[in-house]
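Trainee: Pasted the sequence and its predicted model underneath.
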Amino acid sequence: MATRNRRPRAASQARDGSRRRLPMRLLLPCLFLVALMAMLMLRGYVHSEILADHRVQAPAASDKVPEEILKGGPVIDTRSGRSQSLSLRDHRLVLTFDDGPDPEWTPKVLDVLKEHQAHAVFFVTGTMASRYPDLVQRMVEEGHEVGLHTFNHPDLSYQSKKRIDWELSQNQLAITGAAGIRTSLFRPPYSSFADAMDNKSWPVTEYIGTRGYITIVNNTDSEDWRKPGVDEIIRKATPKGGKGAIVLMHDSGGDRHQTVQALDRLLPQLKDDGYEFDNLTEALGAPSAHTQVSGPELWKGKAWVFLVGASDNITAVLVVGLAIIGFLVISRFVLMLVLSGVHARRVRRPDFRWGNPVFEPVSVLVPAYNEAKCIENTVRSLMASEHPIEVIVIDDGSSDGTARIVEAMGLPNIRVVRQLNAGKPAALNRGLANARYDIIVMMDGDTVFEPSTVRELVQPFGDPRVGAVAGNAKVGNRDSLIGAWQHIEYVMGFNLDRRMYDILRCMPTIPGAVGAFRRTALERVGGMSDDTLAEDTDITMAMHRDGWRVVYAEKARAWTEAPETVQQLWSQRYRWSYGTMQAIWKHRKALVERGPSGRFGRVGLPLVSLFMVLAPLLAPLIDVFLIYGLVFGPTQKTVVAWLGVLAIQLVCAAYAFRLDREKMTHLISLPLQQILYRQLMYVVLLQSWITALTGGRLRWQKLRRTGVVEAPGGAVPRQRTGSGSDRRPVG
């Protein structure tokens, strides 16, 4: 069903020469996806999962390193082309901590230093400083010095000058964003004593000097990274003979409780020995290594820190979302498997009856708008019905001769009702007003019924509590890949769901392709409404709220023509998703009402919202983390987890196909469906959310039909032309 005012496909430019603009409902999802991927890439970068290089250079010859450097102190200054090394005076000790800041151990180190009124130098990596800027700020505020330790902690002897510049600038950017300063201190990763400088590391040190940095190594190594015990760390960190020293320790990279305990004992012991614990420039009597930053550079750094924080927060939210979707997927599958099995066993018992058999004639309403290619097959399939029927074709202002085709067929018990184009709900209400019988069957103009469909569809009305019945809609054009994907979705995602919802007594939707209603039930809820774009969901929810039972008839099969292109599928599912949201919002008061309405509101609405809106929206997170895990690791665990989810889905799909007695061959395309089809449904649902939140109004989209769908067994039977007053159009 659609309005007649359909917008023609535009060329690359509008008629007035202006370029077409991407609609906001498409632009926003695209921007959202780009931003999401950018945030994930940023997180991977900051967590050293992108561009990380863990190679470490083996020791090399040192014949090209100046002798004064090899025999000099731990402070190496190669700025302005000179090579100079400096040592600390006796009883001056500079504690240095590498690889931080760490959210657990750095605060404890800072607490110990503050307690003993000692200063230190923290050589921070850009990855950690970006993630924990508050700790860098605390270091500076408490009088400690901060130095660069590169961004990703690579061995710089392997890197190009461009990569070295990048490591320094990104490290500096993180420090600026965290504390508003620049620093001139640098310590190379994997560095040791000055006499360990070799022909590989020395050129890097010289180049670092040309960039304005002083290189700091050490001459006392606590070896705390080995975790040798507190006493051993203290012994190795204590200088011999009261000499000055730069002591290497770590506040990150693992469990540092031994470091913290050793530091708490080392500081008072060395103070008793006359040592002073200054930062480096204090110990050297030099100007501070910190320079305040202002202007664009400061805001650039702050923007960087903000984006890193946002990427971590977004990732944390995505992880929560992944946990939620994991719970929803497993819960839904468990419910579907258990309850659909209960439903199948109940309705397939030899003694099962809905009530007294229903033999009375029924009225079949066929709303049609431009269904010239399909309407003949649809009508002829009804003429083969095993149950007495009258057929009312409501022509909703078709421009392709749909009504004339039906009239020319000259079949008995067929009436054509014409109206100006007013939409599907109006057409169904018009048909209802012209219907003679108390049971109303509704179908689409592109759908084909089996001979037994109407009979099976109306038998549940033997139970006077039943107000509506959902039939078993099947995809007729399933030979293409996109048709096969929809076939899987119909069998597993729709029909298995309907069995579950039947048991829970909260069926959300009577499919427009095959459904039946008790006339009194329709009249009590006011007939079909055009308040939403999902009139079938709207009327079903209204039935529940009015106290009627809505059930599923598995043998009432109807074959419908599914969209055959991505564009058509997009249009259809966009309308379905948006219409479902509208229906949920329209019936939201059921959440607080009493009686049948309240029961549906507190059972049906949450389930529909979780399984039909929230779960599809979050489902692509499974694939997002699959890609993230494949790129950044752990690859094996990621693949196993994804295959586990796929296996659960395959089990459910196979069970659904078995219940519907469908061939399993179509399940071959299930993995590809999960990778591609789910992403399309996600973007459609996201677009529906944006349309709803921005107050957009979506119109019906008319799908192009081919008329290829026939009932199983071949073409629908053709009957002789009859005569009688029933064929006259009703105004």
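Mentor: Arrived safely, thanks for sending. Numbers count the residues shown, from 1 in each chain.
Trainee: And Ala38, its phi and psi?
Mentor: Dihedral angles phi and psi of Ala38 (degrees, to the nearest 10) take the values phi -60, psi -40.
Trainee: Equivalent analysis for Pro357, please.
Mentor: Here is the backbone geometry of Pro357 (degrees, to the nearest 10): phi -60, psi 150.
Trainee: swap in Glu276?
Mentor: The phi and psi values for Glu276, taken as degrees, to the nearest 10, are phi -110, psi 140.
Trainee: how many neighbours does it have?
Mentor: For Glu276, the tally of surrounding residues (other CB atoms under 10 Å) stands at 16. Glycine gets a C-beta too; all of them are placed from N, C-alpha and C.
Trainee: dump the residue contacts of the closest residue to it other than its chain neighbours.
Mentor: Distance criterion CB to CB, 6 or more residues apart in numbering; nearest residue to Glu276, sequence neighbours excluded, is Arg92 at 5.8 Å. Neighbour list for Arg92: Gly244, Tyr275, Glu276, Asp278, Ala283 [criterion: CB atoms under 8 Å, 6 or more residues apart in numbering].
Trainee: Swap in 10 Å and give it another go.
Mentor: Counting by CB atoms under 10 Å, 6 or more residues apart in numbering, Arg92 touches 239, 243-246, 275-278, 280, 282-285.
Trainee: again with Glu297
Mentor: Glu297 makes contact with Gln172, Leu173, Thr176, Gly177, Gly180, Arg182, according to CB under 10 Å, 6+ apart.
Trainee: Check Gln258 too.
Mentor: Gln258 makes contact with Ser222, Asp224, Trp225, Arg226, Lys227, Pro228, Gly229, Val230, Asp231, Glu232, Ile233, Ile234, according to CB under 10 Å, 6+ apart.
Trainee: Likewise for Phe123?
Mentor: Going by CB under 10 Å, 6+ apart, Phe123 touches 96-100, 145-150, 171, 183, 185-189, 191, 216, 248, 250-251.
Trainee: Out of those, which sit inside strands?
Mentor: Mapping the contacts of Phe123 onto strands (DSSP state E) picks out 96-98, 145-148, 183, 185-186, 216, 248, 250.
Trainee: Tell me the most packed of those, by neighbour count.
Mentor: Phe97 leads these on contacts (other CB under 10 Å) with 31 neighbours.
Trainee: okay, Gly629: pLDDT?
Mentor: Per-residue pLDDT puts Gly629 at 77.
Trainee: Could you report the neighbour count for it?
Mentor: Quick note: Gly629 (other CB under 10 Å) scores 18 neighbours.
Trainee: pretty sure it belongs to a helix, no?
Mentor: Yes. Assessed with DSSP: H, G, I helix; E, B strand; the rest coil, Gly629 lies in a helix.
Trainee: now it: how far from Gln636?
Mentor: From Gly629 across to Gln636, the span is 9 Å (CB to CB, to the nearest Å).
Trainee: What of Leu496?
Mentor: Separation of Leu496 from Gln636 (CB to CB): 32 Å.
Trainee: try Pro188
Mentor: From Pro188 over to Gln636 the distance is 33 Å, taken as CB to CB.
Trainee: and the two? which has more neighbours close in?
Mentor: Pro188 (24 against 9).
Trainee: I'd guessed that one sits against His149; true?
Mentor: Yes. Pro188 lies in contact with His149 (CB atoms under 10 Å); the separation is 8.1 Å.
Trainee: Give the residues shared as contacts by these two.
Mentor: Residues touching both Pro188 and His149 (CB under 10 Å, 6+ apart): Phe123, Ile216.
Trainee: OK, contacts around the spatially closest residue to Gln170 that is not a sequence neighbour?
Mentor: Excluding its sequence neighbours, the residue lying closest to Gln170 (CB to CB, 6+ apart) is Phe151, at 4.1 Å. Contact analysis of Phe151 by CB under 10 Å, 6+ apart lists 45-46, 48, 51-52, 125-130, 166-174.
Trainee: and with 8 Å instead?
Mentor: Thr125, Gly126, Thr127, Trp166, Glu167, Gln170, Asn171, Ala174.
Trainee: Only C-alpha atoms, please: export stretch 574-593 in PDB.
Mentor: The C-alpha coordinates for stretch 574-593 follow below in PDB (Å, rounded to 0.1, in the frame of the first residue of the first chain):
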ATOM      1  CA  TYR A 574      12.300   1.000   7.400                       C
ATOM      2  CA  ARG A 575       8.500   1.300   7.400                       C
ATOM      3  CA  TRP A 576       8.100  -1.800   9.600                       C
ATOM      4  CA  SER A 577      10.700  -0.600  12.100                       C
ATOM      5  CA  TYR A 578       9.300   2.900  12.300                       C
ATOM      6  CA  GLY A 579       5.700   1.700  12.500                       C
ATOM      7  CA  THR A 580       6.500  -0.800  15.300                       C
ATOM      8  CA  MET A 581       8.100   2.100  17.300                       C
ATOM      9  CA  GLN A 582       5.000   4.200  16.600                       C
ATOM     10  CA  ALA A 583       2.700   1.300  17.800                       C
ATOM     11  CA  ILE A 584       4.700   0.800  21.000                       C
ATOM     12  CA  TRP A 585       4.600   4.500  21.800                       C
ATOM     13  CA  LYS A 586       0.800   4.600  21.000                       C
ATOM     14  CA  HIS A 587       0.000   1.800  23.400                       C
ATOM     15  CA  ARG A 588       2.500   2.800  26.100                       C
ATOM     16  CA  LYS A 589      -0.300   3.500  28.600                       C
ATOM     17  CA  ALA A 590      -0.900  -0.200  28.800                       C
ATOM     18  CA  LEU A 591       2.200  -0.400  31.100                       C
ATOM     19  CA  VAL A 592       0.200   1.200  33.900                       C
ATOM     20  CA  GLU A 593      -3.300   0.000  33.200                       C
END
